[in-house]
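Visitor: My questions are about this predicted structure, shown below with the sequence.
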Amino acid sequence: MSVSKKELEFNKNDDAMRLKISALKRELEQIYEGGGKKRIEKLHTKGKLTARERIDLLLDKDTERFEVGAIAGYGMYKEHGGCPAGGVVTVIGYVSGKQCIVVANDATVKAGAWFPITGKKNLRAQEIAMENKLPIIYLVDSAGVYLPMQDEIFPDKEHFGRIFRNNAVMSSMGIVQIAAVMGSCVAGGAYLPIMSDESLIVNKTGTIFLAGSYLVKAAIGESIDNETLGGATTHTEISGVCDYKTESDEDCLATIRDLMDKVGNSETAGFDRKDTILPKRNPKDIYGIMPEDRSKPYNVKEIIECIVDDSVYTEYKADYGQSIVCAYARIDGWSVGIVANQREIVKNAKGEMQFGGVIYSDSADKSARFIMNCNQKNIPLVFLQDVTGFMVGSKSEHGGIIKDGAKMVGAMANSVVPKFTIIMGNSYGAGNYAMCGKAYDPRLIVAWPTAELAVMSGNAAAKVLLQIEVASLKSKGEEITPQREKELYDSIKNRYDEQTSPYYAASRIWTDAIIDPAETRNVVSLGIEMANHKKAEKAYNVGVIQV
């Protein structure tokens with residue numbers, strides 16, 4: 001039997017995606033080792049578990065979990081020896097049947113010291129807890145601020161001190177906070193466990209103090225050892241700083257599980273859920289549907305069929321604004337509204353061709369109305385991004401593309417139902433904003449290995465920057481040969497391509513994770529369950545919108 005051109009293209013795409021997923025897994029395996037095997041062994045000789053071992057013991061066995069920010073710090077701080085996973089492990093999972101977010105310092109990475117990205121990752125974890133009224137558990141084992149970079153982590157609004165402000169705010173919101181001191185907890189960091197609802201400390205390995213023994217000696221001349229100064233006995237029998245003294249990491253984690261077992265249930269946001277039905281189409285078909293060549297078109301409806309229950313959806317305004325697909329569906333039983341960029345070239349009602357991945361006035365208008373409907377009906381929103389931006393040119397400008405784009409952004413930005421963003425492919429310019437990029441508060445935002453985030457594509461940016469560079473060099477009297485021009489172009493494009501990589505975005509926590517596309521259903525489902533812990537605090541109001 002002969003193989004069709006479409007089947008060949010599918011197989012080629014499938015191979016390319018599987019290679020990207022394999023590369024992702026290799027990178028993650030290395031990240032999971034933290035500071036390396038020798039430092040892990042050193043930790044074990046002290047009777048301590050690693051951050052990931054602690055989380056594995058704490059979470060319920062054989063339950064769904066999602067790691068936030070595993071790629072944080074990737075390729076960063078090379079002059080300081082690197083910072084795998086940002087020096088802290090953050091996981092959404094279940095403890096005694098209760099969904100929680102767990103934040104565990106990785107003591108194998110610079111003794112758990114805080115780099116700038118560590119602070120950003122901790123703040124993201126607290127943001128998730130506050131947005132979803134999700135209990136948060138801190139497993140503390142940190143040497144405090146990484147002093148060589150203190151100016152980038154200490155004083156600003158989005159720096160280290162914001163953590164403790166959030167502790168206080170979360171307490172006022174009724175969000176459960178439990179902290180376990182399982183190693184060092186020094187200086188300003190000492191406030192985190194004590195500003196939590198309850199705190200535990202491990203005997204002989206956990207210590208809390210504003211200043212360690214060396215600094216105490218230097219400051220006031222007092223000679224004292226760290227255990228007497230701020231160990232478990234001191235803080236559970238003398239100071240009363242901690243609530244529970246435990247004898248080992250295992251004992252400490254078991255006590256946290258017991259505490260979580262007693263936490264009562266709160267009201268839900270009331271998102272609709274029915275029994276899950278697996279998609280008729282294999283989720284791994286996405287591998288073959290998604291083109292290896294990012295400029296090639298594909299039908300996003302085929303992607304949706306791989307993600308939604310029973311591969312069934314109800315499309316809203318199917319024949320209008322076709323460069324965006326809006327549809328009602330279910331994902332793992334949860335009712336959702338999907339807003340997805342269509343990458344096929346389509347004809348509008350006037351017979352005009354519309355380019356795939358571009359947002360036109362009619363599609364922006366349709367999306368705004370659909371988003372409003374989902375808020376009216378209390379349906380969470382899922383954005384499937386593969387967007388190059390809004391349509392440009394005199395026809396679009398005269399037709400009010402800015403006005404219609406603003407309408408879509410306004411409807412989306414003011415949404416009170418939770419939003420989840422999947423960056424499948426391109427995520428360029430204002431298209432990133434309109435399709436709920438990180439700046440617009442998605443509850444979770446994840447990327448596929450095929451994702452690219454930037455103001456524009458590497459090719460387009462290189463052409464623009466090349467013109468500027470060539471003009472500058474010519475003004476200085478330099479002759480630009482075709483070979484020299486190509487060298488300049490390649491240099492600019494390679495630099496720009498590196499910055500559009502999904503790893504570059506994830507390392508800076510512009511996205512929460514890079515995921516296998518086949519895991520999209522699980523991530524969205526876990527996210528909606530998380531969001532269901534908290535009702536909207538206000539009614540939906542889009543403010544002033546030009547019509």
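Guide: In hand now; what should we look at?

Visitor: what's the distance between the residue in the chain sticking out farthest from the centre and Gln483?
Guide: What lies farthest from the middle of the chain is Gly477; by C-alpha atoms, centre = their mean that is 47.8 Å. Spatial separation of Gly477 from Gln483 under the definition C-beta to C-beta, to the nearest Å is 18 Å. C-beta here means a position set from N, CA and C on the backbone, and glycine is covered the same way.

Visitor: Could I get the contacting residues of Gly144?
Guide: Under the criterion of C-beta atoms under 8 Å, 6 or more residues apart in numbering, the contact partners of Gly144 comprise 113-114, 184, 186-189.

Visitor: Tell me how many other residues crowd the residue lying closest to Val325 once chain neighbours are set aside.
Guide: Nearest in space to Val325, with sequence neighbours left out and distances taken as C-beta to C-beta, 6 or more residues apart in numbering, is Ala340 at 4.6 Å. Ala340 has 24 neighbouring residues, counting by other C-beta atoms under 10 Å.

Visitor: Ala340 bridge partners, please.
Guide: Beta-bridge partners for Ala340, by DSSP bridges, are Val325, Leu384.

Visitor: quick one, what contacts it?
Guide: 300, 303-304, 324-327, 383-384, 386 are the contacts of Ala340 under C-beta under 8 Å, 6+ apart.

Visitor: swap the cut-off to 10 Å and go again
Guide: Ala340 makes contacts with 300-301, 303-304, 307, 324-327, 367, 382-387, 422, 424, 435, as judged by C-beta atoms under 10 Å, 6 or more residues apart in numbering.

Visitor: Against Ala254, how distant is Gln99?
Guide: If you measure Gln99 against Ala254 using C-beta to C-beta, the figure is 19 Å.

Visitor: between these two, who's got more neighbours?
Guide: Gln99 (20 against 14).

Visitor: I'd like the mean pLDDT over stretch 263-277, please.
Guide: The predicted model gives stretch 263-277 an average pLDDT of 94.

Visitor: now the end-to-end length of it.
Guide: The first residue of stretch 263-277 is 31 Å away from its last residue (C-alpha to C-alpha, to the nearest Å).

Visitor: Run the chain-centre distance for that stretch.
Guide: Between the centre of stretch 263-277 and the centre of its host chain there is 23 Å, according to C-alpha atoms, centre = their mean, to the nearest Å.

Visitor: Would you mark the buried spots in it?
Guide: Applying a neighbour-count criterion of 16 or more other C-beta atoms under 10 Å, one finds 269, 271, 273 buried in stretch 263-277.

Visitor: and if you look at stretch 277-286?
Guide: Per 16+ other C-beta under 10 Å, stretch 277-286 contains these buried residues: 279, 281, 283, 285-286.

Visitor: Please produce a markdown table containing the residues you listed, extended by secondary structure and distance to Asp156.
Guide: As requested, those are arranged in a markdown table below (DSSP: H, G, I helix; E, B strand; the rest coil; distance: C-beta to C-beta, whole Å):
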| residue | secondary structure | distance to Asp156 |
| --- | --- | --- |
| Pro279 | coil | 45 |
| Arg281 | coil | 47 |
| Pro283 | helix | 42 |
| Asp285 | helix | 46 |
| Ile286 | helix | 40 |
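
Visitor: Looking at those, which is nearest His235?
Guide: Pro283 (49.3 Å; C-beta to C-beta).

Visitor: Could you count how many residues lie near the closest residue to that closest one other than its chain neighbours?
Guide: Excluding the flanking residues, the one nearest Pro283 by C-beta to C-beta, 6+ apart is Ala518, at 4.2 Å. The burial metric for Ala518, expressed as a neighbour count using other C-beta under 10 Å, is 18.

Visitor: just the one 3 residues further on next, same as before
Guide: With neighbours defined by other C-beta under 10 Å, the count for Arg521 comes to 20.

Visitor: so it, which of the three states?
Guide: Per DSSP: H, G, I helix; E, B strand; the rest coil, the local secondary structure of Arg521 is helix.

Visitor: Please look at it and Asp309 and confirm they touch.
Guide: Yes: taking contacts as C-beta atoms under 10 Å, Arg521 lies within contact range of Asp309: 8.6 Å.

Visitor: Now the common contact residues for these two.
Guide: Contact with both Arg521 and Asp309 is made by residues 276, 278-279, 331-332, 334, according to C-beta under 10 Å, 6+ apart.

Visitor: Same list (those) but as CSV, adding distance to Glu315.
Guide: As requested, the shared contacts of Arg521 and Asp309 are arranged in CSV below (distance: C-beta to C-beta, whole Å):
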residue, distance to Glu315
Thr276, 21
Leu278, 21
Pro279, 16
Ile331, 16
Asp332, 20
Trp334, 18
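
Visitor: between the residues you listed, which is nearest Ile175?
Guide: Trp334 (22.7 Å).

Visitor: Excluding covalently adjacent residues, which one is nearest to the closest one?
Guide: Ile528 (4.6 Å).

Visitor: Any buried residues in the longest helix seen in the chain, and which?
Guide: Once the chain is assigned using DSSP state H, the helix that runs over the most residues is helix 5-32. Burial within helix 5-32, assessed by neighbour count using 16+ other C-beta under 10 Å, is assigned to 9-10, 13-14, 16-17, 20-21, 24, 31.

Visitor: Filter the contacts of Ala340 down to the buried ones.
Guide: 300-301, 303-304, 307, 324-327, 367, 382-387, 422, 424, 435.

Visitor: Now do the contacts for Lys317.
Guide: If a contact means C-beta under 10 Å, 6+ apart, then Lys317 has 324-327, 362-363, 365-367, 369-370 as its contacts.

Visitor: do that again at 6 Å, thanks
Guide: Applying C-beta atoms under 6 Å, 6 or more residues apart in numbering, one finds that Lys317 lies in contact with Lys366.

Visitor: what's the distance between it and Phe355?
Guide: Distance check for Lys317 against Phe355: by C-beta to C-beta, it reads 19 Å.

Visitor: ditto for Glu250
Guide: Counting by C-beta to C-beta, the gap from Glu250 to Phe355 is 58 Å.

Visitor: Please apply the same query to Glu131.
Guide: Per C-beta to C-beta, Glu131 is found 35 Å from Phe355.

Visitor: where does the stretch 1-150 of the chain dip in pLDDT?
Guide: Under the criterion pLDDT under 70, the flagged ranges of the stretch 1-150 of the chain are 1-2.

Visitor: Wasn't Pro297 part of a helix?
Guide: No: assigned with three-state DSSP, Pro297 falls outside any helix and is coil.

Visitor: what's the pLDDT at it?
Guide: What the model reports as pLDDT for Pro297 is 93.

Visitor: what does stretch 480-496 rub up against?
Guide: 458, 461-462, 465-466, 469-470.

Visitor: whoops, stretch 75-90 was the one
Guide: Around stretch 75-90, the neighbours that count as contacts under C-beta under 6 Å, 6+ apart are 31, 34, 51-52, 68-70, 72-73, 103-106, 109, 115, 117-118, 121, 125, 507.

Visitor: Kindly give a single ChimeraX line that selects the buried subset of the residues you listed.
Guide: The following ChimeraX selection, which keeps only the buried ones among the contacts of stretch 75-90, applies the criterion 16+ other C-beta under 10 Å:
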select :31,34,51,52,68,69,70,72,73,103,104,105,106,109,115,117,118,121,125,507
